[in-house]
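# Okay, predicted coordinates and the sequence, questions at the end:
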Amino acid sequence: METSDAQRREAESRNPEQTAARDSSAQQRSDARVRACVRELKRPGEPLCAYVRDLDRLAEHVGDLVRRLPARTELFYAIKANSEQEVLRALAPVVHGFEVASLGEVEKVREVSADIPILFGGPGKTEAELEGAIRHGVRLIHVESLHELRKLDDLAGRRGAAVSVLLRINLKGPLPQATLAMGGRPTQFGIDESLLPHVMEQLPKLTHIRVEGLHFHSLSNNLDAEQHVKLVDYYCRFAQEWAQRYGYPLRYLNAGGGIGVHYAQLERQFDGALFAGGLASVLEQALPPETTLLFECGRYLTASSGYYAAEVLDVKSNHGRNYVVVRGGTHHFRLPSSWQHSHPFEVLPIDEWPHAYGRPELPPNAPYTVVGQLCTPKDVLASDVSAAENVGVRVGDVLLFRYAGAYGWAISHHDFLSHPHPEHVYLRE
Ligand SMILES: *Cc1c(COP(=O)(O)O)cnc(C)c1O
C-alpha cells in the first residue's frame, strides 16, 4: 500500500490539472445526487427545509487528502465544524483521529469509537474537562497557558498519571492574511511567543507533564496552498529551534487547521495536490525524522459535501429592492451572517403549483436578497445577488446552498423564534 500511495502522490504532483478535474467531476456527481434527493423530499403542501450530507463524497474527499499527504503526516478532523454522529462515523475510518475543544466533544467522539486518537485544545479548560480528557485516554492535550499547565500537572499528580501535552504558541507574526486570525496578533489563544522562555523555566517543576512538542493554529480559511506550505515551514523551523534550545524531543508538531473554502468562487478551491507536494519538501528539510506532523482541519473536510435546501415562501419588493423569503434562515445556517458574505446557491425549479392563486416570481437577471423567517433584518443568507444559470425564481422553488457542511447547523441558534428544525438527511450508498 505504501508503494502505491507514493506512486499516486508522485503522479498527482506531476499532473495537478488531472487531479483537480477528477475532484470537480466527483463534486458534480455529488451535486446531482443531492438535487435528486431534494426533489424526492419535496412533499405537496409542506414547505421544504433540509440539510443534506453526501457521506460517500465526504469520505472520498477526505480520503483523497489523507492519501496525498506525505509519510509522517497525520490528519485529524476538528469536530466543531460539524459534530453530527453520522459525519463522525463516516470519517472515523478515514482520518487518523479527531480534534475536540470540550468534554462534550470528547464524549461525542467516544460514542463513535472507544479508541480513536483524540487531541484536546481550546482556552479555559475546566478541571472536569481535563479529568475527563485523562479518563477518556486523550492522546495529547494542547495547553493554552502556564496556569492551565500547572492545573493539569496538579490534577495528573493526584491521579498518579503523566499527561502528554503540546504547548500552543501564539507567534509574534506577521502571519499570512486569512478570514480569521487566532495568532500573530492579540487573542485569547495560546502562549505568547515572548512568554515561552518563562514557561520553559517552570517546566522542570511540573513533573506530571510530558511536553511532546508544539501546537499552532493561527488562522482560518486560508485559500492559498502555497502560502499554507510556507506557514507550515515556518512552524517547523520554529519548533525545531525550540527543541534544540531547550533540549526537548519534538515528537509532534501540530500545524492546526485553517485550510479554506472559496465561498465566493466555488470552482477555485484550495489546491490540495499542490499543498501535499509542497509539504513533502518541508518535511524533508525542516523536520527531524522522529517528528510526526499533525493537522487538525475542520472546514475544508466537511464543507463541500453538505447542502442546505430551503423552499421559497414569498417573493416581494420593498423600497426598490427584491426579497426572496425562504423556509428557514440564519437560525439553521448562520455562516453567511457570521461571515457577512453572500452564500452561494442554485435555484432548483419546482414546476408543480397546486394553488388557484397566482405564483409570485422574479425574472432572470433580477438581483435579489435571500432572507429567512426570523424577525430581524440580519436574517440574510445572500445579498443582492443574481441567480446563477440565468434563471428566475418563483415561490415554491427550492434554493440549494452549497458548501454548507461546515460551521452551518453547528454554529446556529436553532431555537430562536421556535420555528421547526430542518430535516437532516444523510446519503450513503
Ligand atoms: C477550529 C479549530 C480548528 C479547525 O479549524 P478550520 O479552520 O475549520 O480548519 C483546528 N484547531 C483549533 C485549535 C481550532 O480551534
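That came in fine, so what should we check first? Quick caveat: nothing in here was measured; it's all calculated off a predicted structure. Residues are numbered from 1 along each chain as shown.
# For the rest of this, base every contact and every neighbour count on C-alpha atoms.
Noted.
# Are we agreed that Ser337 is in a helix?
Yes - applying DSSP: H, G, I helix; E, B strand; the rest coil, one finds Ser337 inside a helix.
# Am I right that it is in contact with Lys378?
Yes - using CA atoms under 8 Å, Ser337 is in contact with Lys378, at 7.1 Å.
# and the nearest residue to Val112 once chain neighbours are set aside, which of the three is it?
Take Val112 and drop its neighbours on the chain: the residue closest to it by CA to CA, 6 or more residues apart in numbering is Arg89, 6.2 Å away. Of the three states, Arg89 takes helix under three-state DSSP.
# How many residues are close by Arg89?
For Arg89, the count of nearby residues is 17 (other CA atoms under 10 Å).
# And for Pro363?
Pro363 has 12 nearby residues by other CA under 10 Å.
# roughly how far apart are it and Pro349?
With distances taken as CA to CA, to the nearest Å, Pro363 is found 13 Å from Pro349.
# for Ser281, same thing?
Distance from Ser281 to Pro349, counting by CA to CA: 49 Å.
# what do you get for Val391?
Separation of Val391 from Pro349 (CA to CA) stands at 9 Å.
# same check, this time on Glu111
From Glu111 across to Pro349, the span is 40 Å (CA to CA).
# repeat for Leu219
For Leu219, the distance to Pro349 equals 38 Å [CA to CA].
# Below-threshold pLDDT in the protein: ranges please.
Applying pLDDT under 70 to the chain flags residues 1-19, 177-179, 388.
# domain ranges for it?
By the assignment in automatic domain parsing, the chain contains the domains 5-43+55-303, 305-427.
# To Cys49, which of those domains lies closest?
In terms of CA to CA, the element of those nearest to Cys49 is domain 305-427, at 4.5 Å.
# That closest one: end-to-end distance?
Start-to-end span of domain 305-427 (CA to CA) is 10 Å.
# ok, that domain near the ligand or not?
No - using CA under 6 Å from any ligand atom, domain 305-427 stays clear of the ligand, with a minimum separation of 7.6 Å.
# What is the distance between that domain and the centre of its chain?
A distance of 22 Å separates the centroid of the chain from that of domain 305-427, by CA atoms, centre = their mean, to the nearest Å.
# How about stretch 262-271?
Centroid separation for stretch 262-271 versus its chain: 15 Å, with CA atoms, centre = their mean.
# Leu75 is in contact with Lys297, correct?
Quick fix: residue 297 is Cys, not Lys. Yes - the criterion here is CA under 8 Å, and Cys297 meets it with Leu75 at 7.4 Å.
# Give the residues shared as contacts by those two.
Overlap of the contact sets of Cys297 and Leu75 (by CA atoms under 8 Å, 6 or more residues apart in numbering) is empty.
# No further questions, thank you.
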